[in-house]
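**Student:** only geometry, no sequence info:
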């Protein structure tokens, strides 16, 4: 606190001194609008007593409509002041009653909340006058209450001293419950987290801009992640696009151009962990959509859209690398291809009204995103099985508004996340009562998870809360999974999987939680146990609970040939096929099983010749000892019918192996890049009809092509040679052991 504020005998100078708006708050005092808004919030959330129990009575709540604020700063300061007053409500009421304030200055019940709020701010400023704020709108009620408190301040200070002696407290903080005091200590040192909008910029560009603004990159040491104050920044170890700053830089960061242009988004780390857990489930082969159950402020939805855009960008770059600048070198894209080029979208549910939608659209537009669609429907009212909009949805992020008991600074978190239903929990959090709403919230969370599991096409669901209660975390997950197993009609059940996040060895510990200690940021509080990710509030970050529900894979389900070829083409393993041409189907022939040939007296010489063809085909080999093997398909029967079979004594396998090795060394294939490239066709069938006979056949030139998988390139040819050599080596060792 500045010396001129606490200097004795200068009350008149302090009253006359004016300060700009950005210095308002804390030791300097607030604007009149902040006191009025904080009093209205406190009046709604205060714990009321009967007339016979307390002299302090509050007026009736005028309206339950949302409050309006002239600016975001006034809104944040009003909620913070009201929440701090809620913590000391009982103490402040005792001070007013013990000092006889209401006997000296009779006050209407409608003004009592304003008196209590201004009394807390008055004693927090060490009973010094408030500075005048330039541009402040004067309120008559605020001026009157301020003059009354100033005239009664000696009695008020004496009453506070008696309460401290009565409670044997060194300061008023000791009258708070232990959980609330621990929460305040963690909140005072909590860093400011921010994630980079990679759609508009990059991590390197943001770091260069921070360095130009005199920020210094802090390398993590064994003592702390980032210093408690100063112009430092540090890259987060769990999220590659997240940067953290000291706690005293929260207001300074809002003035940077990269923050005003939404290149750097200020948001809590737990929200970034939720988005990263969903992004880890996506692959470059998937052209899928995502759903966010509660859009709220829109920052988490925007982070999902940025990560989805990053995955889609990699896929389109791979296509451009294969096909060139045009979409398709082999002709104009068909309607089916245009559908496949569908832009992956994030569907965000829970838009409250038109004003909320306009605010969200402005945010998304300023961030350069085009893959977000806002829905007015509540997520629990959506039927995912019948709505055609969600046919491509692969993953759902469920972020219900929980009790926020794992958050160190609930006011700041709720304002940034845009909570609407969670302001009532401030009353419970301020008095350390954390179990009042847990059971009710847990039941609501179960219904939300059930709605997510009803979507037939989703592969995973990510569930995130900021609560320490098991009824909102593990019990809700287990109840929803059990319900889905009992009610799903032919759908694969879900199972719990650990979140895919870059955790270090220090983050994974066995046993119970590690109790965080304020001021010691290196006391790890994270724990990966029972396939859940749990992080408790500490001086490093807020607490959270993350669970990933993954649908079990059907063992009878198999990918179609079209899906396999499409994925291979996207990865560049094979050349793309024209969508207008259809592959010719081989004609089926009648299956005829040839009788096994008797072993000859002499071993014939096997010759292999290199024949230029257009494709290389590899056929599966089947070995059976002591019995006939029935061909599994018409193709195999046709292959036996069209090829010239020669019986070879099994004792001469070593000779065949040596000959094959010498022959394979002489063969070479040029790279497959043009239609005029020469390739070799090798079709080798190994089949034992008895213990001493081996059938070795080679496809002669001019024989019809068989239906098999297309392979190309020197790597594939070397793999064929290696497989055949391995088979012959095993046969040789088997026959040697029998002899």
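**Tutor:** That came through, no problem. Keep in mind that this is a model prediction, so the values were computed, not measured. Residues are numbered from 1 along each chain as shown.

**Student:** For the rest of this, base every contact and every neighbour count on C-alpha atoms.
**Tutor:** Noted.

**Student:** Please tell me how far residue 74 sits from residue 384.
**Tutor:** With distances taken as Cα to Cα, to the nearest Å, residue 74 is found 41 Å from residue 384.

**Student:** Show the average pLDDT along whichever helix or strand residue 233 is part of.
**Tutor:** With secondary structure defined by DSSP states H and E, residue 233 is part of strand 232-235. Strand 232-235 comes out with an average pLDDT of 92.

**Student:** quick one: strands adjacent to whatever helix or strand comes next after that strand?
**Tutor:** The helix or strand immediately downstream of strand 232-235 is strand 242-245, counting by DSSP H and E. Each strand pairing with strand 242-245, determined using DSSP bridges, is listed with its direction: strand 192-196 (antiparallel), strand 232-235 (antiparallel).

**Student:** which one of those strands is the most hemmed in?
**Tutor:** Mean neighbours per residue, mean count of other Cα atoms under 10 Å, is largest over the strands paired with strand 242-245 for strand 192-196, with a mean of 24.

**Student:** rewinding a little: can you lay out the strands paired with strand 242-245 as TSV showing distance to residue 267?
**Tutor:** Shown next, in TSV, are the strands paired with strand 242-245 (distance: least, Cα to Cα, whole Å):
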stretch	distance to residue 267
strand 192-196	5
strand 232-235	14
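
**Student:** Disregarding residues adjacent in the polypeptide, which is nearest to residue 541?
**Tutor:** With Cα to Cα, 6 or more residues apart in numbering as the measure, residue 190 is the residue that lies nearest to residue 541, at 6.1 Å, once sequence neighbours are left out.

**Student:** Show the contacting residues for that neighbour.
**Tutor:** Counting by Cα atoms under 8 Å, 6 or more residues apart in numbering, residue 190 makes contact with 246-247, 408, 538-541.

**Student:** Helix, strand or coil: sort out it for me.
**Tutor:** When the structure is reduced to helix, strand and coil (DSSP: H, G, I helix; E, B strand; the rest coil), residue 190 reads as coil.

**Student:** same thing with residue 34?
**Tutor:** Taking three-state DSSP, the label given to residue 34 is helix.

**Student:** Just the residues contacting the strand holding residue 233, thanks.
**Tutor:** Counting by Cα under 8 Å, 6+ apart, the neighbours of strand 232-235 from elsewhere in the structure are 215-220, 225-226, 241-246.

**Student:** which of the residues in stretch 480-490 are buried?
**Tutor:** Buried residues in stretch 480-490, defined by neighbour count with 16 or more other Cα atoms under 10 Å: 480-481, 484.

**Student:** Now tabulate the residues you listed in a markdown table and tack on distance to residue 551.
**Tutor:** A markdown table is the format used below for the buried residues of stretch 480-490 (distance: Cα to Cα, whole Å):
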| residue | distance to residue 551 |
| --- | --- |
| 480 | 13 |
| 481 | 10 |
| 484 | 11 |
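
**Student:** Skipping adjacent residues, who's closest to residue 295 in space?
**Tutor:** Computed as Cα to Cα, 6+ apart, the closest residue to residue 295 that is not its neighbour in sequence is residue 348, at 5.3 Å.

**Student:** wait, residue 357
**Tutor:** residue 351 (6.2 Å).

**Student:** correct me, but that neighbour touches residue 361?
**Tutor:** No: counting by Cα atoms under 8 Å, no contact exists between residue 351 and residue 361, whose distance comes to 11.0 Å.

**Student:** Settle it for me: which of the two has more neighbours?
**Tutor:** residue 351 (21 against 17; other Cα atoms under 10 Å).

**Student:** Confirm the more buried one sits in a strand?
**Tutor:** No: secondary structure of residue 351, determined by three-state DSSP: coil, with no strand assignment.

**Student:** List the residues that contact it.
**Tutor:** The contact partners of residue 351, by Cα under 8 Å, 6+ apart, come to 295-296, 357, 374-378.

**Student:** how near is it to residue 293?
**Tutor:** Distance, residue 351 to residue 293, by Cα to Cα: 10 Å.

**Student:** measure residue 365 to residue 200 for me?
**Tutor:** Taking Cα to Cα as the measure, residue 365 and residue 200 are separated by 11 Å.

**Student:** Tell me which of those two has more neighbours.
**Tutor:** In terms of neighbours (other Cα under 10 Å), residue 200 is the more surrounded of residue 365 and residue 200; the figures are 15 against 11.

**Student:** three-state assignment of that one?
**Tutor:** Taking three-state DSSP as the rule, one finds residue 200 in the coil state.

**Student:** show me what contacts it?
**Tutor:** Residue 200 makes contact with 263, 367-368, according to Cα under 8 Å, 6+ apart.

**Student:** which of those tops the neighbour count?
**Tutor:** When neighbours are counted by other Cα under 10 Å, residue 263 leads the contacts of residue 200 with 24 neighbours.

**Student:** Might you report the residue contacts of that one?
**Tutor:** So, once contact is read as Cα under 8 Å, 6+ apart, residue 263 ends up touching 196-198, 200-201, 206, 367.

**Student:** let's see it at 7 Å
**Tutor:** In this structure, residue 263 makes contact with 196-197, 200-201, judged by Cα atoms under 7 Å, 6 or more residues apart in numbering.

**Student:** now residue 343, what's its secondary structure?
**Tutor:** Going by three-state DSSP, the secondary structure assigned to residue 343 is coil.

**Student:** distance of it from residue 394?
**Tutor:** Per Cα to Cα, residue 343 is found 14 Å from residue 394.

**Student:** And these two? Which one has more around it.
**Tutor:** A side-by-side neighbour count of residue 343 and residue 394, using other Cα under 10 Å, places residue 394 first with 21 against 14.

**Student:** For the more buried one, what are phi and psi?
**Tutor:** Here is the backbone geometry of residue 394 (degrees, to the nearest 10): phi -110, psi -30.

**Student:** Surely residue 462 forms part of a strand?
**Tutor:** Yes: assessed with three-state DSSP, residue 462 lies in a strand.

**Student:** That one reaches residue 548, doesn't it?
**Tutor:** Yes: at 4.6 Å, residue 462 counts as touching residue 548 under the criterion of Cα atoms under 7 Å.

**Student:** any weak-confidence spans in the stretch 51-200 of the chain?
**Tutor:** By pLDDT under 70, the low-scoring segments of the stretch 51-200 of the chain are 62-64.

**Student:** give me that answer again for 50
**Tutor:** Regions of the stretch 51-200 of the chain meeting the criterion pLDDT under 50 are absent.

**Student:** what about the helices in it?
**Tutor:** According to DSSP state H, counting those that start in this stretch, the stretch 51-200 of the chain carries its helices in the segments 72-87, 89-99, 101-104, 109-124, 140-151, 153-167, 178-188.

**Student:** ok, residues contacting the fifth one?
**Tutor:** Okay, so that is helix 140-151. 32, 115.

**Student:** What residues sit buried inside it?
**Tutor:** With burial defined by 16+ other Cα under 10 Å, the residues of helix 140-151 counted as buried are 142, 145-146, 149.
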